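[1] Please work out how this folds:
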Amino acid sequence: MPQEIRLNAFDMACVGHIQHGMWTHPRDTSAQYNTLTHWLDLARLLERGLFDGLFLADVLGVYDVLDGSADAALRGGVQVPLLDPSMIVPAMAAVTSQLGFGVTANLSYEAPYLFARRMSTLDHLTQGRIGWNIVTGYLDSAARAMGLDRQMQHDDRYDLAEEYMEVVYRLWEESWAEDAVLRDAAGGRFTDPARVRRILHEGRQYRLDAHHLCEPSPQRTPVLYQAGASARGQKFAARHAECVFLNGGPAADVAQQIASLRALAAPREIRVFVGATLVLGHTEAEAQEKLAEYRRHSSVEGALAHAAASLGIDFGRYAMDEPIEAGPGNAIQSNVAAMKRATGPAFTKRGLVDQFILGSRQKPMVGSVEGIAERLIAYAAETGADGFNLSRTVFPECLVEVVEQLVPALQERGAYKTGYAAGTYREKLFGTARLAAPHPAAGFRQGPGQGITRSG
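    Purely as a prediction, here's the structure:
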């Protein structure tokens, strides 16, 4: 019996997310990203397909590395214009009851006190269906937007993140005891003040003297996602992440990454989702025809604008066959490493463009529904991945096909659930409502009746 494969939709509150240029296809409706109908229909569709979650990417700043300008990104709708993903979640939660929501939020530019309240609010309003994709950013344009000259160095951002996590854990887990809220109308006591702790923190980056503003939400701490694949990112993920998002690639390479992560995280359990792009057909020939149709709408310029920012290289400075030197930088180091594996250590712009099948560096899986089902099952078995984050091509048909065709094919093979498990997002993924030891967040939680100092 194959393992159960889990699926997330990987999306972003913008026109062009990963596969650039697809918004120009006549059947694509991504340009309606700024309407509630767009997101409500998506949420209903994903819940019908028993998706574990909608994983919402986000970025602060614009992609302005290519030719030293944001023009290419603006022209091609390359993750700009872009909405705040946290604002659309409550509406989607109102029309679903089981779907989880993973929201990307950059901790580098937001006070932990305010962020902790927003996550608790979302966890309350979704009845425990919220997750947080922890990112530290990689764009100098974001730093300039926040009044800085440039972003912090790569590893320094992770040092800041370690302290940030301690602060939000203390707000979510320590400030309010489990039995602090009484709702005692007869006695006129909503909360027992003796069961609410003032959090005092004096650190290198943050100072805090505050009570958390929210009572304990269903999960307290949201489900924690992380996508760092550098050595420093893996160390951070092993300490904090419950779910890790990896870029796809050769199965042997991904298997090695997953084994390394799980060894670092042991004895904690982590779930790993691998990025994938699917082009499905009833037959192999039909899928190839669809790929050719989609390729006519792909944008090389958009893909270059995205790659330039995420790799930290201005490709506009290079001729098509001129070797590109990509040394240590301050962008996404794992993307640079992946590109070197794909094209060689001294790659060229032509070699990079050859990777852009559908306007991105992510090569699609193309084939019949039955063939793709078998490939996903085999890939999960070979790598140890728990599931896949599916990025969109032509929207919404790419996801409609997954829900109506691929999901039944996986179910027929015993590789996909036929109903949701009960409970919160964390309960569906791990069987527990709250983070448990040895996760560092669990060490801050007050137990019922635990003696604490009265709040000031």
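
[2] Tell me who's in contact with the residue lying closest to Lys363 once chain neighbours are set aside.
    In space, and not counting its chain neighbours, Lys363 is closest to Ile357: 5.5 Å by CB to CB, 6 or more residues apart in numbering. In short, each C-beta sits where N, CA and C put it, glycine included. Listed by CB atoms under 8 Å, 6 or more residues apart in numbering, the contact set of Ile357 reads Leu291, Arg295, Ser298, Lys363, Pro364.

[3] Next secondary structure element downstream of whatever helix or strand Ala142 lives in?
    Using DSSP states H and E, the element containing Ala142 is helix 140-145. Under the assignment DSSP H and E, the closest C-terminal helix or strand after helix 140-145 is helix 154-169.

[4] Would you list the phi and psi of Ala111?
    Main-chain torsions, Ala111, degrees, to the nearest 10: phi -60, psi 130.

[5] ok but Tyr420 is inside a strand, no?
    No - counting by DSSP: H, G, I helix; E, B strand; the rest coil, one finds Tyr420 to be coil, located in no strand.

[6] how much space between it and Glu269?
    20 Å (CB to CB, to the nearest Å).

[7] can you give me the strands for the stretch 351-456 of the chain?
    365-368, 387-391 (DSSP state E, counting those that start in this stretch).

[8] Now do the nearest residue to Leu7 once chain neighbours are set aside: how many residues are near it, please.
    Nearest-residue entry for Leu7: Phe51, 5.0 Å, with adjacent residues in sequence omitted and distances by CB to CB, 6+ apart. Other residues within reach of Phe51, judged by other CB atoms under 10 Å, total 25.

[9] Dig out what Leu56 forms beta bridges with.
    The partner list for Leu56 in beta bridges (DSSP bridges) reads Asp11, Val103.

[10] pLDDT score assigned to it?
    Per-residue pLDDT puts Leu56 at 98.

[11] Surely it touches Gly100?
    No - if you go by CB atoms under 8 Å, Leu56 and Gly100 don't touch, sitting 10.9 Å apart.

[12] dump the residue contacts of Asp192.
    Counting by CB under 8 Å, 6+ apart, Asp192 makes contact with Asp179, Ala180, Val181, Leu182.

[13] who wins for neighbours among those residues?
    Ala180 (20 neighbours).

[14] That residue is in contact with Arg195, isn't it?
    Yes - here Ala180 lies in contact with Arg195, judged by CB under 8 Å, at a distance of 3.6 Å.

[15] one step back: show the contacting residues for the residue nearest to Leu7.
    Leu7, Asn8, Ala9, Leu99.

[16] Could you say which helix or strand holds it?
    Judged by DSSP H and E, Phe51 forms part of no helix or strand.

[17] can you check the one 3 residues further on too?
    When elements are assigned from DSSP H and E, Leu54 belongs to strand 53-57.

[18] other SSEs contacting that strand?
    strand 6-12, helix 36-48, strand 100-106, strand 130-135 (3 or more CB pairs under 8 Å, 6 or more residues apart in numbering; DSSP states H and E).

[19] Mean neighbour count, the ones you listed: which tops it?
    When the helices and strands packed on strand 53-57 are scored by mean count of other CB atoms under 10 Å, the highest mean neighbour count falls to strand 130-135 (a mean of 26).

[20] Let's test this: mean pLDDT of that strand, rounded?
    97.

[21] And the contacts of it?
    53, 55-58, 89, 100-107, 119, 122-123, 161, 165, 219, 222-227, 240-241, 243, 245, 425.

[22] are any of those buried, and which?
    Among the contacts of strand 130-135, those scoring as buried are 53, 55-58, 89, 100-107, 119, 122-123, 161, 165, 219, 222-227, 240-241, 243, 245, 425 (criterion: 16 or more other CB atoms under 10 Å).

[23] beta partners of Leu224?
    Where Leu224 sits in a bridge, its partners, by DSSP bridges, are Trp132.

[24] about what we covered before: please tell me how far the residue nearest to Leu7 sits from Leu406.
    Taking CB to CB, one finds Phe51 at 11 Å from Leu406.

[25] likewise Ile313?
    36 Å.

[26] burial of Glu382, as a residue count?
    Neighbours of Glu382 (other CB under 10 Å): 13.

[27] Can you read off the pLDDT for Val80?
    Value for Val80, per-residue pLDDT: 97.

[28] can you check the one 4 residues further on too?
    In the predicted model, Asp84 carries a pLDDT score of 97.

[29] Thr453 now?
    Per-residue pLDDT puts Thr453 at 36.

[30] swap in Pro328?
    51.

[31] Then Met339?
    56.

[32] Helix, strand or coil: sort out Val244 for me.
    Once three-state DSSP is applied, Val244 turns out strand.

[33] now the one 5 residues further on
    Of the three states, Gly249 takes coil according to three-state DSSP.

[34] One more: the one 10 residues further on?
    What three-state DSSP gives for Ala259 is helix.

[35] List the contacts of the residue lying closest to it once chain neighbours are set aside.
    Excluding the flanking residues, the one nearest Ala259 by CB to CB, 6+ apart is Gly384, at 6.8 Å. By CB under 8 Å, 6+ apart, the contact set of Gly384 is Ala255, Ile258, Ala259, Arg262, Val272.

[36] The residue nearest to the fourth one when sequence neighbours are not counted and Ala237: what is the separation?
    By that I understand Arg262. Once flanking residues are discounted, Arg262 sits nearest to Ile270: 6.3 Å by CB to CB, 6+ apart. Remark: distance between Ile270 and Ala237 (CB to CB) = 8 Å.

[37] With Ala194 instead?
    For Ala194 relative to Ala237 (CB to CB), the value is 37 Å.

[38] what does Leu148 give?
    26 Å.

[39] more neighbours, the two?
    Neighbour count, other CB under 10 Å: between Leu148 and Ala237, Ala237 has more, with 27 against 13.

[40] which of the contacts of Ile357 has the most neighbours?
    Pro364 (22 neighbours).

[41] picking up where we left off before, overlap in contacts of Ile270 and Ala237?
    Going by CB under 8 Å, 6+ apart, residues that sit against Ile270 and also against Ala237 are Val244, Leu261.

[42] Correct me if wrong: Leu304 contacts Arg75.
    No - here Leu304 lies out of contact with Arg75, judged by CB under 8 Å, at a distance of 11.7 Å.

[43] Compare these two (neighbour count), which wins?
    The neighbour count for Leu304 versus Arg75, taken as other CB under 10 Å, is higher for Leu304 (28 against 12).

[44] what pLDDT, on average, does stretch 430-446 get?
    93.

[45] Can you list the buried residues in it?
    Per 16+ other CB under 10 Å, stretch 430-446 contains these buried residues: Phe430, Arg434, Leu435, His439, Ala441, Phe444, Arg445, Gln446.

[46] Which of these fall within helices?
    Counting by DSSP state H, the part of these found in helices is Phe430.

[47] Just put the buried residues of stretch 430-446 in JSON lines and tack on distance to Leu36.
    Output for the buried residues of stretch 430-446, formatted as JSON lines (distance: CB to CB, whole Å):
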{"residue": "Phe430", "distance to Leu36": "31"}
{"residue": "Arg434", "distance to Leu36": "32"}
{"residue": "Leu435", "distance to Leu36": "32"}
{"residue": "His439", "distance to Leu36": "35"}
{"residue": "Ala441", "distance to Leu36": "33"}
{"residue": "Phe444", "distance to Leu36": "37"}
{"residue": "Arg445", "distance to Leu36": "36"}
{"residue": "Gln446", "distance to Leu36": "39"}
